[in-house]
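In: Please work out how this folds:
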Amino acid sequence: MLRMSVDFPQNKQPFQAGEVALVGAGPGDPDLLTLQAYRFIQQAEVVVYDRLVSQEIMALLPDDCQRVYVGKKQAEHRVPQDGINQLLVDHALAGKKVLRLKGGDPFVFGRGGEEALFVLKHDIACHIVPGITAASACTSYVGIPLTHRQTAQSCTLITGHVKDCGQLDLPWSTLQNSKQTIVFYMGVKSIPIISQQLIAAGRDKATPAALIYKGTTPEQHVYRSTLESLHETVIKEAIKPPTLIVIGDVVGIFDQVELSNIGYLTPQKN
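Out: I've put the predicted structure just below:
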């Protein structure tokens, strides 16, 4: 069990009854939790949690903590967002320490901003605890640097979630730079659109690409492909969410090493 004797800095507020804490649980590996996230988890009286929070992290909660599951899947929302917002307020007004536990970082495609605004609108204090977002952790665990000198000078994180009309409304012309890494969250269903639009915008069809399934967890698997062949790879391997899509020359940086375990690279054997 993790033991900590870290004192609160003077400019940080303790977690008090009647407050909400939006906490990023990271991408799944409990070792990637921040110390601050662990501290808040240990104090929670009610937790409202998402589908991508791992069981190992849920096991860190106090035994008497009330658990409320509000996970979402494609076209299947157990509790609508308005209902989630209200749950946070209701439990806080009941005098509880309310933990809103989200996979990754609450402010990176996690709707954390909406929830914080709603809570504050009801005169309830809200703690914000960052988490390691999937784009950073999952790529590192499979040997893909998001930036690399002379290969990629920028990285863009994008939601690949399509609108009800089936369209993905993005500034495609700004994504054609070959020295830019692109990471799509929630984009498996949108891969045909993504490949077509990026190629039309000027990205090379042969641009290396990777699909990372359940990154940083024991079920992690990485599938390497090209921009043109992404959809074919998804069909062939029957890839499903949660999968991160990485597009850019950085995908091939460590092709000559072995990924023998998550986050562990070794020289390739002849």
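In: And the strands in this structure?
Out: 20-24, 46-49, 66-69, 72-73, 76-77, 98-102, 126-129, 154-159, 180-185, 208-213, 221-226, 243-247, 257-261, 264-267 (DSSP state E).
In: Compare those strands and say which comes out lowest on pLDDT.
Out: For the strands of the chain, the weakest mean pLDDT is recorded on strand 76-77, namely a mean of 63.
In: Turn the strands of the chain into CSV, columns for mean neighbour count and distance to residue 89.
Out: Where you see a C-beta, it was placed from the backbone N, CA and C, and this is true even at glycine. Formatted as CSV, the strands of the chain follow (neighbours: other C-beta atoms under 10 Å; distance: least, C-beta to C-beta, whole Å):
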stretch, mean neighbour count, distance to residue 89
strand 20-24, 28, 8
strand 46-49, 22, 11
strand 66-69, 14, 13
strand 72-73, 13, 19
strand 76-77, 10, 19
strand 98-102, 29, 9
strand 126-129, 20, 11
strand 154-159, 17, 26
strand 180-185, 23, 27
strand 208-213, 23, 35
strand 221-226, 18, 39
strand 243-247, 26, 32
strand 257-261, 12, 43
strand 264-267, 10, 44
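In: Turn these into CSV, columns for distance to residue 12.
Out: Converted to CSV, the strands of the chain look like this (distance: least, C-beta to C-beta, whole Å):
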stretch, distance to residue 12
strand 20-24, 12
strand 46-49, 21
strand 66-69, 25
strand 72-73, 31
strand 76-77, 34
strand 98-102, 16
strand 126-129, 9
strand 154-159, 27
strand 180-185, 29
strand 208-213, 34
strand 221-226, 37
strand 243-247, 31
strand 257-261, 36
strand 264-267, 34
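In: Compare these and give me the one nearest residue 171.
Out: Distance to residue 171, taken as C-beta to C-beta, is lowest for strand 154-159 among the strands of the chain, at 9.8 Å.
In: Just want the angle from the closest one to strand 180-185.
Out: If you take axes from the mean of the first three to the mean of the last three C-alpha atoms, to 10 degrees, strand 154-159 sits at 20 degrees to strand 180-185.
In: Contacts for strand 154-159, please.
Out: Strand 154-159 is touched from outside by 108-109, 133, 135, 146-147, 170, 175, 177, 179-187, with contacts defined as C-beta atoms under 8 Å, 6 or more residues apart in numbering.
In: Sketch out the low-pLDDT regions of this protein for me.
Out: In the predicted model, the chain carries pLDDT under 70 at residues 1-11, 74-77, 164-166, 256-260, 270.
In: Just the CA coordinates for the lengthiest helix in it, please, in PDB.
Out: If each helix of the chain is counted by residues according to DSSP state H, the longest one is helix 81-93. Output of helix 81-93 as PDB, limited to C-alpha atoms (Å, rounded to 0.1, in the frame of the first residue of the first chain):
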ATOM      1  CA  GLN A  81     -24.700  14.500 -19.100                       C
ATOM      2  CA  ASP A  82     -27.400  16.700 -17.500                       C
ATOM      3  CA  GLY A  83     -28.100  13.800 -15.100                       C
ATOM      4  CA  ILE A  84     -24.400  13.500 -14.200                       C
ATOM      5  CA  ASN A  85     -24.100  17.200 -13.500                       C
ATOM      6  CA  GLN A  86     -27.100  17.000 -11.200                       C
ATOM      7  CA  LEU A  87     -25.800  14.000  -9.400                       C
ATOM      8  CA  LEU A  88     -22.700  15.900  -8.400                       C
ATOM      9  CA  VAL A  89     -24.700  18.800  -7.100                       C
ATOM     10  CA  ASP A  90     -27.200  16.600  -5.200                       C
ATOM     11  CA  HIS A  91     -24.500  14.600  -3.400                       C
ATOM     12  CA  ALA A  92     -22.500  17.700  -2.600                       C
ATOM     13  CA  LEU A  93     -25.600  19.400  -1.200                       C
END
